[in-house]
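Please work out how this folds:
(chains A and B)
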Amino acid sequence: MSITIEKNKSESKTGIRTEEMVLNMGPQHPSTHGVLRLELQLEGEIITNVIPHIGYLHRCFEKHAEAMNYSQVIPYTDRMDYLASMYNEFGYAIAVEKLLGIQVPERVEYIRVIMGELQRIASHLVALGTYAVDIGAFTPFLFCFRDREKILSLFEQTCGARLLYNYIWVGGLSHDLHPDFINQTNDFIKYFRPKVKELNDLLTKNKIFIDRTANIGVLPLDVAINYGISGPNLRGSGFKWDIRKEDPYSVYNKFDFDIPVGQGLMGKVGDCWDRYYVRILEMEESLRIIEQAVNSIPEGDVTSAIPKRIKPPVGQVYSRVENPRGELGYFIISDGTINPFRVKVKGPSFVHLGVLNEVLKGHMIADVIAILGSIDIVLGEVDR
Amino acid sequence: MIYDFFFKLTNSNFLADLIQSLLPLFIFILPFALFAVLFERKVSAHMQDRLGPMRVGYHGILQTVADILKLVQKEDIIPTLADKPLFNIAPVLVFAGSYLAFAAIPFSSAFIGSNIDLGIIFIIAASGFVVAGILMAGWSSNNKYSLLGAMRSAAQIISYEIPTVLVVLSVIMITGTTNLLTLSEMQTGHFWNWMIFGGPVMGIAKFIFIPIMIINFVIIYISTLAEVNRTPFDIPEAESELVSGYHTEYSGMKFAMFFLSEYANMFAVSAIVAALFLGGYQSPIGYLGNLFGVHWLIPIEQFFWFTAKGIFFVFVQMWLRWTLPRLRVDQLMALCWKYLIPIAFVNLLIIGLITVL
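Numbers count the residues shown, from 1 in each chain, chains lettered A, B, ... in the order given. Down below sits the predicted model:
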């Protein structure tokens, strides 16, 4: 059958018999952001079809969770979206607390929000930095990682780990903030604001960068909604949807912040540049949240509400949070024992990967990287 | 000068020729490639708030030597399905192509590998070798990424040779010579005699030439940048798309040959730009040798000025590389065919008219 298709194609176009080339991109390709394998069907350099192959990083998170008790699951959630570990813990803790029906102290909520937003900045910095590398600019990447380093050292001083924290526990936190944390965070905010401007000067407003990203990989809003896209990608397509505002959890309703959306400043709404720029603006909003939270943080004990033994009643809960990448949902079924009966994760990266074929068709090979980078997936969470 | 010296020493035309031709290679280019690799790493490091290599020697000055030693020791892997003869010839061809150009580059009035009359044409022809080598490497590796890289590279280099040649042609029109030594001698005096400021022409024509030559200079700089596959035109070896393009499958010393030839090429094109537009080895402010009446000092000063200009342009290339993102293939071709070539043609036409009048 494929031969007849090719024949038709060759007759209809140039009369020269051409063959489609299949190019395997990954799993060891330098810019598939992990171990994604894309099977690209090419007509010259134009993509006719793309099939993502996933599962190279599958670690049976959901099955593991069934054999652990509730608090032992937390380190596993860290390892899903390893660039946003804090937020994964945050979401899981909220879900289990809902199941248990416990209220955590105000201070804990504030610290969680601060950590979550710092994590959001760190995660976006990785996204933006690696995106710059994908487009071919190496320097912004190292600038981003230099700034992320400051956040990681804040985390390290707080909980001892730089990547996989196990910091946010069900009902509380593993440690209180260290005494100098507030000062250091304020210093970081002061330090980081000009750096965002620097990044804008260096990359965002660069003509070549705009040429490469504007009008590329346009994700129309209806397609985005049909595929269940959330987070910066959905906002990049111009829809103001953020769970922190729409379905507030923790103490997000106490803070004043905006939801940036893509406006098609450089091209069409929902192109790569919009998705990129939404992330930049989001970092600034996160800074605003952190600033407010840090300066109004109440005193209290962060470990007082941690239950001695987590044994929720029979039942089920779905809770969702706004992860740096989008909507991260936890569906937990409890059968009344100390182990969860089922922990199902609805991860944003996995959902976003689905839309790839829709966006990629008709673009060139160079755009695969630009589009994949702008969708910003983390394979640890796609495969789980 | 150098030829006479070796002729007296060896008393044979052939040997003197040989030594003179090989001298730039050993005195300058091989050490330069070593220097340039380190220079690039240091420049990029300091642009990115890093230190770069610091361990091997003082501030890492021996890093490249260590790297070359490592590469020499490495296993020379040839993929099973590769076309063996082509696979082996390709790096040699690329290396030869980029180093051949140095034979006709005038480092100073006394130090030129081979003073041929068709100097600039020879350099352009020699750099054509590189395309063949790259295509060979891409095809023989039997790897799709290599093939794509090679195809892109060939398309890119050939396209960008057109504006380069057009600009070179306009310079030839003004000066009436293709000999680089003569060309450099014509730009003697102070910097306003350089080709970028209209060259040795006098009168009103000079003022018309100045803007045109500046535009020409920009065109040739952009297109030479593309010819040596540097960012923003490093599409053939675009790491994030094609792994490393045509030399994906190469390892060990063969890879090192591609690597060194890239850096040699960087200097070669900078040297051409300097020789054509910035007075070649001519000093912008006059010579100390003339000031003090020490005439043997002049060629050495010239060598210094030439290298300084060349290295400055190499630095600009690095600067661009670590600042700018990469263009896409079609944008790259559009830049060449829609902007550079028409502008170069118009310039050529104007210069032709003026020189005829």
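
what stretches of the stretch 251-357 of chain B score poorly on pLDDT?
B:289 (pLDDT under 70).

Up against chain A, what does it have?
For the stretch 251-357 of chain B, the contact set with chain A under C-beta under 8 Å from any C-beta of the partner chain comprises B:322, B:323, B:324, B:325, B:326, B:327, B:328, B:329, B:330, B:331. For the C-beta atoms, the positions are set from N, CA and C on the backbone; glycine is no exception.

Of all the residues in the stretch 101-250 of chain A, which one is nearest chain B?
residue A:136 (2.7 Å; C-beta to the nearest C-beta).

so where do the strands sit in the chain?
The chain I'm using is chain A. Ranges of strands within chain A are A:21-25, A:37-43, A:46-53, A:168-169, A:172-173, A:315-323, A:326-334, A:340-346, based on DSSP state E.

if you could check chain B rather than the one you did, that'd help
Secondary structure of chain B (DSSP E): strands at B:106-108, B:111-112.

Which of the helices and strands in chain B ranks last by mean pLDDT?
Least confident helix or strand, chain B: helix B:239-242 with a mean of 62, by mean pLDDT, DSSP states H and E.

right, is stretch B:144-161 up against chain A?
Yes - Stretch B:144-161 is in contact with chain A by C-beta under 8 Å from any C-beta, via B:144, B:145, B:148.

does the residue of the stretch 101-250 of chain A closest to chain B really touch residue B:322, like I thought?
No - with contacts counted by C-beta atoms under 8 Å, residue A:136 stays clear of residue B:322, the gap being 10.8 Å.

So if I had to pick from those two, which one is more boxed in?
residue A:136 (27 against 19; other C-beta atoms under 10 Å in any protein chain shown).

Make JSON lines out of the strands of chain B and add mean pLDDT, distance to residue B:315 and mean neighbour count.
Putting those into JSON lines (pLDDT from 0 to 100; distance: least, C-beta to C-beta, whole Å; neighbours: other C-beta atoms under 10 Å in any protein chain shown) gives the following:
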{"stretch": "strand B:106-108", "mean pLDDT": "78", "distance to residue B:315": "18", "mean neighbour count": "25"}
{"stretch": "strand B:111-112", "mean pLDDT": "70", "distance to residue B:315": "22", "mean neighbour count": "24"}
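
export those strands to a markdown table and tack on distance to chain A?
As requested, those are exported to a markdown table (distance: least, C-beta to the nearest C-beta, whole Å):
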| stretch | distance to chain A |
| --- | --- |
| strand B:106-108 | 32 |
| strand B:111-112 | 36 |
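
now those as JSON lines including distance to residue A:374?
Putting these into JSON lines (distance: least, C-beta to C-beta, whole Å) gives the following:
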{"stretch": "strand B:106-108", "distance to residue A:374": "48"}
{"stretch": "strand B:111-112", "distance to residue A:374": "51"}
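
Report the distance from stretch B:33-49 to the chain centre.
18 Å (C-alpha atoms, centre = their mean, to the nearest Å).

residues of that stretch that come out buried?
Residues B:33-45, B:47-48 are the ones in stretch B:33-49 that count as buried (16 or more other C-beta atoms under 10 Å in any protein chain shown).

Repeat that for stretch B:306-322.
B:306, B:307, B:309, B:310, B:311, B:313, B:314, B:317, B:318, B:320, B:321, B:322.

How many residues are close by the closest residue to chain A within chain B?
For chain B, the residue closest to chain A is residue B:326, as judged by C-beta to the nearest C-beta, at 2.7 Å. By the criterion of other C-beta under 10 Å, residue B:326 has 27 neighbours.

I figured it was touching residue A:211, is that so?
No - look at residue B:326 against residue A:211 with C-beta under 8 Å: they stay out of range, at 10.3 Å.

Which one of the strands of chain A lies nearest to residue B:207?
strand A:46-53 (48.6 Å; C-beta to C-beta).

ok, back up a step: tell me, which of the buried residues of stretch B:33-49 make contact with chain A?
Among those, proximity to chain A is found for B:44, B:47, B:48 (C-beta under 8 Å from any C-beta).

burial count for residue 86?
No chain in the question, so chain A it is. Neighbour tally, residue A:86, other C-beta under 10 Å: 26.

actually chain B
Applying other C-beta under 10 Å, we find 17 residues neighbouring residue B:86.

Distance check, the closest residue to it other than its chain neighbours against residue B:154.
In space, and not counting its chain neighbours, residue B:86 is closest to residue B:140: 3.7 Å by C-beta to C-beta, 6 or more residues apart in numbering or on different chains. Noted for residue B:140: a distance of 14 Å to residue B:154, by C-beta to C-beta, to the nearest Å.

In terms of neighbours, single out the busier of the two.
residue B:140 (25 against 18).

How about the residues of the stretch 51-200 of chain B by chain A?
So the stretch 51-200 of chain B meets chain A at B:144, B:145, B:148 (C-beta under 8 Å from any C-beta).

any chance of those in JSON lines, with neighbour count too?
Below are those laid out as JSON lines (neighbours: other C-beta atoms under 10 Å in any protein chain shown):
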{"residue": "B:144", "neighbour count": "18"}
{"residue": "B:145", "neighbour count": "23"}
{"residue": "B:148", "neighbour count": "27"}
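
I'd like to know which of those is nearest to residue A:113.
Once C-beta to C-beta is applied, the member of those that ends up nearest residue A:113 is residue B:145, at 44.9 Å.

The closest one reaches residue B:248, doesn't it?
Yes - counting by C-beta under 8 Å, residue B:145 does reach residue B:248; the two are 5.2 Å apart.

who's in contact with the nearest residue to residue B:55 once chain neighbours are set aside?
Closest residue in space to residue B:55, ignoring its immediate chain neighbours: residue B:63 at 7.8 Å, by C-beta to C-beta, 6+ apart. By C-beta atoms under 8 Å, 6 or more residues apart in numbering or on different chains, the residues touching residue B:63 are B:37, B:38, B:41, B:53, B:55, B:56, B:57.

Hmm, residue B:274 is touching residue B:316, no?
No - in this structure residue B:274 lies outside contact range of residue B:316 using C-beta under 8 Å: 11.4 Å.

on that earlier part again, between the buried residues of stretch B:306-322, which is closest to residue A:236?
Distance to residue A:236 across the buried residues of stretch B:306-322 (C-beta to C-beta) is lowest for residue B:322, with 28.0 Å.

How many residues are close by residue A:318?
Residues contacting residue A:318 under the criterion other C-beta under 10 Å number 12.

Could I get the contacting residues of it?
Taking C-beta under 8 Å, 6+ apart, one finds A:95, A:329, A:330, A:331, A:332 in contact with residue A:318.

filter those residues to the buried ones?
Neighbour counting by 16+ other C-beta under 10 Å classes A:95, A:329, A:330, A:332 among these as buried.

Other residues contacting stretch B:248-257?
Applying C-beta under 8 Å, 6+ apart, the contact partners of stretch B:248-257 are B:68, B:71-72, B:74-77, B:79, B:82, B:87-88, B:91-92, B:94-95, B:137, B:141-143, B:145-146, B:149, B:242, B:247, B:258.

ends of it, how far apart?
End-to-end distance for stretch B:248-257, by C-alpha to C-alpha, to the nearest Å: 13 Å.

ok, now stretch A:211-220?
19 Å.

buried residues in it?
A:211, A:212, A:213, A:214, A:216, A:217, A:218, A:219.

mind listing what's buried in the top helix by length along chain B?
Criterion DSSP state H: the longest helix present in chain B is helix B:144-175. For helix B:144-175, the neighbour count (16+ other C-beta under 10 Å) marks B:144-157, B:159-172, B:174-175 as buried.

same thing with stretch B:343-357?
B:343, B:344, B:347, B:348, B:351, B:354.

just to revisit the earlier point, between which two of the residues of the stretch 251-357 of chain B next to chain A is the distance greatest?
B:322 and B:330, at 24.5 Å, using C-beta to C-beta across these.
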